[in-house]
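Engineer: no sequence on this one, just coordinates:
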């Protein structure tokens with residue numbers, strides 16, 4: 001009887017998880033279907049799971065500027081990889097310092113980090129500092145350095161590291177290890193789950209960011225993918241809304257603006273889909289089990 005109840009509960013939980021997974025997959029299927037649909041089908045019938053008339057016109061239009069898209073892809077990949085690696089190191093070391101009970105000023109540092117979550121210096125002072133004093137205009141560092149340190153990620157890492165027994169730190173100190181050696185050789189391997197989770201959050205932020213490129217990048221060859229795609233969509237919308245010239249409206253009538261938006265979404269989401277399976281296993285299971293024995 002107990003086994004039967006257990007099986008029924010497992011079946012119910014499995015059914016709920018399956019339905020929830022399908023609900024999460026449903027929008028993505030509609031985006032892919034929309035990118036393969038004709039503009040008339042989207043306007044007349046709306047988005048559907050299966051396109052009425054399959055067409056690759058949106059992708060063909062995007063391929064007309066394939067060289068710029070490839071360059072923007074490379075820029076976004078560089079920014080995401082470098083920014084994520086540096087952010088994990090900076091946030092990890094910040095969380096490590098705040099988690100060390102032997103550090104005298106860790107509470108002061110924690111309060112300072114909390115203040116940055118509650119108050120902001122404003123857009124104009126931030127822009128002046130980045131351009132005038134840090135000289136980040138038209139450089140890759142303009143898209144990497146501003147979001148490098150994040151208070152929420154620091155506290156997330158801090159809370160995880162505070163669960164690590166203090167005996168590990170003391171034993172490493174007795175063996176003559178420095179703080180850097182303790183962090184990189186001992187604490188960081190034990191904190192892989194939280195570092196991988198934070199790394200995914202940071203990578204998503206860098207990959208989806210277009211605002212920093214809009215603020216600091218004027219050179220076309222340095223534009224990230226999201227900013228380039230935003231520019232393409234804005235140009236299409238401008239053509240469709242323009243009433244100054246009949247020729248412009250005639251051209252805009254042939255541009256599949258809605259399906260282009262869906263195609264752009266498919267193009268930009270690709271790398272994240274391939275990245276997530278390598279990271280998601282750290283969300284559930286930690287690596288600290290058995291690290292300390294009795």
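Structural biologist: Now that the structure is in, tell me what you want to look at. Just so it is clear, the structure is predicted and the values come from calculations on it, not from any experiment.

Engineer: residue 200 versus residue 277, what's the distance?
Structural biologist: 11 Å (CB to CB, to the nearest Å). All C-beta spots, glycine's among them, are computed from the backbone N, C-alpha and C.

Engineer: where in this protein is pLDDT low?
Structural biologist: 1-6, 65-66, 235-257, 279-294 (pLDDT under 70).

Engineer: pick out the residue nearest the middle of it.
Structural biologist: The geometric centre of the chain, computed from its C-alpha atoms, lies nearest to residue 204 (CA atoms, centre = their mean), at 0.6 Å.

Engineer: in stretch 149-156, what's buried?
Structural biologist: 149, 150, 151, 153, 154, 155, 156 (16 or more other CB atoms under 10 Å).

Engineer: how about the helices of the stretch 101-250 of the chain, start to end?
Structural biologist: 106-118, 123-128, 151-161, 166-174, 179-181, 188-190, 192-208, 211-216, 225-241, 246-253 (DSSP state H, counting those that start in this stretch).

Engineer: got those as a markdown table, with distance to residue 264 columns?
Structural biologist: Below are those laid out as a markdown table (distance: least, CB to CB, whole Å):
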| stretch | distance to residue 264 |
| --- | --- |
| helix 106-118 | 33 |
| helix 123-128 | 27 |
| helix 151-161 | 28 |
| helix 166-174 | 48 |
| helix 179-181 | 43 |
| helix 188-190 | 37 |
| helix 192-208 | 12 |
| helix 211-216 | 15 |
| helix 225-241 | 5 |
| helix 246-253 | 17 |
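
Engineer: which stretch among the ones you listed comes nearest residue 23?
Structural biologist: Residue 23 lies closest to helix 192-208 among the helices of the stretch 101-250 of the chain, at 20.4 Å (CB to CB).

Engineer: what angle do helix 151-161 and the closest one make with each other?
Structural biologist: 170 degrees (axes from the mean of the first three to the mean of the last three CA atoms, to 10 degrees).

Engineer: could you say what helices and strands helix 192-208 packs with?
Structural biologist: With contacts taken as 3 or more CB pairs under 8 Å, 6 or more residues apart in numbering; DSSP states H and E, helix 192-208 sits against helix 66-99, helix 151-161, helix 257-279.

Engineer: of all the ones you listed, which lies closest to residue 218?
Structural biologist: Closest among those, once you apply CB to CB, is helix 66-99, at 13.8 Å.

Engineer: still on that earlier bit, I'd say the residue nearest to the centre of the chain and residue 271 touch.
Structural biologist: No: Residue 204 lies out of contact with residue 271 (CB atoms under 8 Å); the separation is 10.3 Å.

Engineer: how many neighbouring residues does residue 227 have?
Structural biologist: Counted by other CB atoms under 10 Å, the residues lying close to residue 227 total 23.

Engineer: what do you get for residue 118?
Structural biologist: 7.

Engineer: any idea how far it lies from residue 140?
Structural biologist: Distance from residue 118 to residue 140, by CB to CB: 30 Å.

Engineer: next one: residue 104
Structural biologist: 37 Å.

Engineer: before we move on, what about residue 232?
Structural biologist: 22 Å.

Engineer: now swap in residue 79 and tell me
Structural biologist: 6 Å.

Engineer: same question for residue 260.
Structural biologist: For residue 260 relative to residue 140 (CB to CB), the value is 28 Å.

Engineer: comparing those two, which shows the higher neighbour count?
Structural biologist: More crowded of residue 260 and residue 140, by other CB under 10 Å: residue 260, with 22 against 17.

Engineer: ok, and the closest non-adjacent residue to residue 98?
Structural biologist: residue 158 (4.5 Å; CB to CB, 6 or more residues apart in numbering).
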